[in-house]
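Colleague: here is my input, please return the structure:
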Amino acid sequence: MNDSSVVELISSIGGYLWGPPMVVTIIACGLFLTLKAKFFSFRYFGHAFKFTLFNLGDKESKDRSHGEISPFEAICVAVGGAVGVGAIGGVAAAIAVGGPGAVFWMWVWGFFGMSVKMVEVALASYYRSKDERGSYFGGPSYYMQKGLAWDKGWKIGIFLALCFGFTFIANAFSASQVFTISEALHRSFNIPRIPVAAVYTAFIFYLIWRGVPRIAKFASKAVPFMCLLYLIGGVILMAMNYEALPWVFKSIFVHAFTPMSAVGGFAGAGVMTIIRTGVARSINSNEAGQGSSPMIHAKASTVHPIRQGLWGSIEVFIDTMIVCTITALAVLSTGVWNSGLTAATLTISAFESGFGVIGVWFIGIITFLFGITTTTGWYSYYTSLVAHAFEKYPNLKYKALFVFKLIFPWPNVIIVTLFVLTGHSANLFWAIIDILTVLPTFFNVIAISLLSGVFVKLLNDYKARYMGIGVVDPSFKVFYEEKIEYERKNNLPHVASDAQ
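Modeller: Numbering: from 1, shown residues only. Now for the predicted structure:
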């Protein structure tokens, strides 16, 4: 089977999974949770910024007393995991396939994704568990088990937790970051892709060997720097092509709802392809609904699950509305979007058109930084799933975590080597990524929709405690383990967290 046939087959599978029912389900979930939160992320956007990015000097943002890492370190790992090469290669790939209109749907999910990420991060923080060494673990599999199976008595909770765990951890072997990094560095510096993957693998080994604290420390220094650097470069490039911006915005909104004809190297796209591509690439980049970054947020020291949820909401804003938008506008305003190039190569072409060889080097370096923070961030996510799988067997759990640490970096070399030797294209790779993204997202959005009542109770408590909206219930426990302990000490029957 030749490359085009393989791409067509994989793309058709991804297209089926990302078909109208799935796209409608995901967007409906985003709308539903936004309404349940009463547009909290937008009505109180200033409050979210005040207690997140505008509060970096406060001791709360750097506190580790009630968690393994600080809230600031958690968002740096999460943003580093989200603002990865998906923001460079993934967004460009969406435009190459879906045209300018795909950017609109990327924004749509970014808009709803702010609420979705706040919900899943808050739930992960609420339902987290502390192990025998005092480390916190949490995430979708935890709130599926505790919130749905234990509290509600629904067996579907265990089923969803298993399905989510298996499909999510499959991403550990995708090597999505190093694939784009090797592509970018080969294009930028003509470095062979396989040696790049080998060096990258060694670097990953070094960062993950000391565990999450080292990952968090690295991310807290690298993420702010790389985001600011990319922002400056992108803004300068758009300023150089400011005359094209009116056409860019017109095309984004017009072709969000109308088919795009073939032009240049662009093959054309129907409306559903435009929507599917935009939403898929947006989820792949900002991870809202995917259930990934809640696993690192659950490790953070926080005074309230909603407070940590605010960091999750801001995380989506930074990724989609700032970084991904910079990539999209750069690719479109420079006019290279219909050149027939795709993924990171397309973004490199855009920056090269404005800065020459300096633009090529710039994207090569930025891509490497983005990739490192993403891969190490996702390693911390996978450890939460491994820890949950062996939660009842402490000795076996630590052995499993050690084995996973040993094998985790190797797919980076294996996948790149296979693609280089077989000559398969980047389009095939991103078609596979679409499939790996949709499955855990599907299981997670079901769970957070079913647990939306728990989130509303947490939100109401937060508004009463910290915003002066409503009356504080002194008996309300803001963390699940505190609630269970309170019921045990007072010989109370276990009461479901969500009685709705």
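
Colleague: contacts for stretch 475-494, please.
Modeller: Defining contact as Cβ atoms under 8 Å, 6 or more residues apart in numbering, one finds that stretch 475-494 is touched by 125-130, 146, 304-305, 457-458, 461, 495, 497. Where C-beta positions appear, they are placed from N, C-alpha and C, glycine not excepted.

Colleague: that should have said stretch 398-407, apologies.
Modeller: Outside stretch 398-407, the residues within contact range by Cβ under 8 Å, 6+ apart are 208, 209, 382, 383, 386, 387, 389, 390.

Colleague: just the ones of the contacts of stretch 475-494 in strands?
Modeller: 129, 130 (DSSP state E).

Colleague: hang on, the earlier thing: just the buried ones from the contacts of stretch 398-407, in PyMOL syntax?
Modeller: Those of the contacts of stretch 398-407 that count as buried under 16 or more other Cβ atoms under 10 Å are selected in PyMOL with:
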select buried, resi 208+382+383+386+387+389
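
Colleague: which one of the contacts of stretch 398-407 is nearest residue 16?
Modeller: Nearest to residue 16 among those is residue 382, at 27.0 Å by Cβ to Cβ.

Colleague: does the closest one count as helix, strand or coil?
Modeller: Per DSSP: H, G, I helix; E, B strand; the rest coil, the secondary structure class of residue 382 is helix.

Colleague: so which helix or strand takes in residue 440?
Modeller: Assigned by DSSP states H and E, residue 440 belongs to helix 426-450.

Colleague: I'd like the contacts of stretch 398-407 laid out as TSV, including secondary structure and distance to residue 244.
Modeller: Formatted as TSV, the contacts of stretch 398-407 follow (DSSP: H, G, I helix; E, B strand; the rest coil; distance: Cβ to Cβ, whole Å):
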residue	secondary structure	distance to residue 244
208	helix	42
209	helix	47
382	helix	42
383	helix	45
386	helix	48
387	helix	49
389	helix	51
390	coil	54
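
Colleague: contacts for stretch 227-245, please.
Modeller: For stretch 227-245, contacts defined as Cβ under 8 Å, 6+ apart pick out 79, 83, 318, 322-323, 326-327, 329-330, 332-335, 350-351, 354-355, 359, 362, 366.

Colleague: show the buried residues in the residues you listed.
Modeller: 79, 83, 318, 322-323, 326-327, 329-330, 332-334, 350-351, 354-355, 359, 362, 366.

Colleague: coming back round to it: which of the contacts of stretch 227-245 fall within helices?
Modeller: Judged by DSSP state H, helices contain the following of the contacts of stretch 227-245: 79, 326-327, 329-330, 332-333, 350-351, 354-355, 359, 362, 366.

Colleague: as JSON lines, those with distance to residue 228 would be great.
Modeller: Output for the ones in helices among the contacts of stretch 227-245, formatted as JSON lines (distance: Cβ to Cβ, whole Å):
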{"residue": "79", "distance to residue 228": "12"}
{"residue": "326", "distance to residue 228": "11"}
{"residue": "327", "distance to residue 228": "15"}
{"residue": "329", "distance to residue 228": "17"}
{"residue": "330", "distance to residue 228": "16"}
{"residue": "332", "distance to residue 228": "22"}
{"residue": "333", "distance to residue 228": "21"}
{"residue": "350", "distance to residue 228": "19"}
{"residue": "351", "distance to residue 228": "16"}
{"residue": "354", "distance to residue 228": "19"}
{"residue": "355", "distance to residue 228": "17"}
{"residue": "359", "distance to residue 228": "17"}
{"residue": "362", "distance to residue 228": "13"}
{"residue": "366", "distance to residue 228": "11"}
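
Colleague: out of those residues, who's nearest residue 182?
Modeller: The closest of the ones in helices among the contacts of stretch 227-245 to residue 182 turns out to be residue 366 (Cβ to Cβ; 14.6 Å).

Colleague: which residues does the closest one contact?
Modeller: 88, 226, 229, 230, 233.

Colleague: next, count neighbours for the third one.
Modeller: Think residue 229. Neighbour count of residue 229, defined by other Cβ atoms under 10 Å: 14.

Colleague: how near is it to residue 139?
Modeller: Counting by Cβ to Cβ, to the nearest Å, the gap from residue 229 to residue 139 is 30 Å.

Colleague: cool, the last one as well?
Modeller: Taking Cβ to Cβ as the criterion, residue 233 is separated from residue 139 by 34 Å.

Colleague: between the two, tell me which one has more neighbours.
Modeller: More crowded of residue 233 and residue 139, by other Cβ under 10 Å: residue 139, with 32 against 20.

Colleague: check whether the closest residue to that one other than its chain neighbours sits in a helix, strand or coil.
Modeller: Spatial nearest neighbour of residue 139, excluding adjacent residues (Cβ to Cβ, 6 or more residues apart in numbering): residue 295 at 3.7 Å. Classification of residue 295 using three-state DSSP returns helix.

Colleague: what is the least confident helix or strand in this structure?
Modeller: Lowest by mean pLDDT, DSSP states H and E among the helices and strands of the chain is helix 59-62, with a mean of 50.

Colleague: related to what we said a few turns ago, for PyMOL, what selects the buried ones among the contacts of stretch 475-494?
Modeller: PyMOL command restricting the contacts of stretch 475-494 to the buried ones, with burial defined by 16+ other Cβ under 10 Å:
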select buried, resi 125+126+127+128+129+146+304+305+457+458+461+497
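
Colleague: which among the ones in helices among the contacts of stretch 227-245 gets closest to residue 273?
Modeller: residue 332 (17.5 Å).

Colleague: enumerate every residue touching the closest residue to residue 447 other than its chain neighbours.
Modeller: With sequence-adjacent residues excluded and distances taken as Cβ to Cβ, 6+ apart, residue 447 is closest to residue 144, at 4.9 Å. By Cβ under 8 Å, 6+ apart, the contact list for residue 144 reads 157, 158, 160, 161, 164, 447.

Colleague: buried subset of those residues?
Modeller: 157, 160, 161, 164, 447.

Colleague: now the two most distant members of the residues you listed.
Modeller: Using Cβ to Cβ, the buried ones among the contacts of residue 144 reach their maximum pairwise distance at 157 and 164, which is 10.6 Å.

Colleague: kind regards, and thank you for your time.
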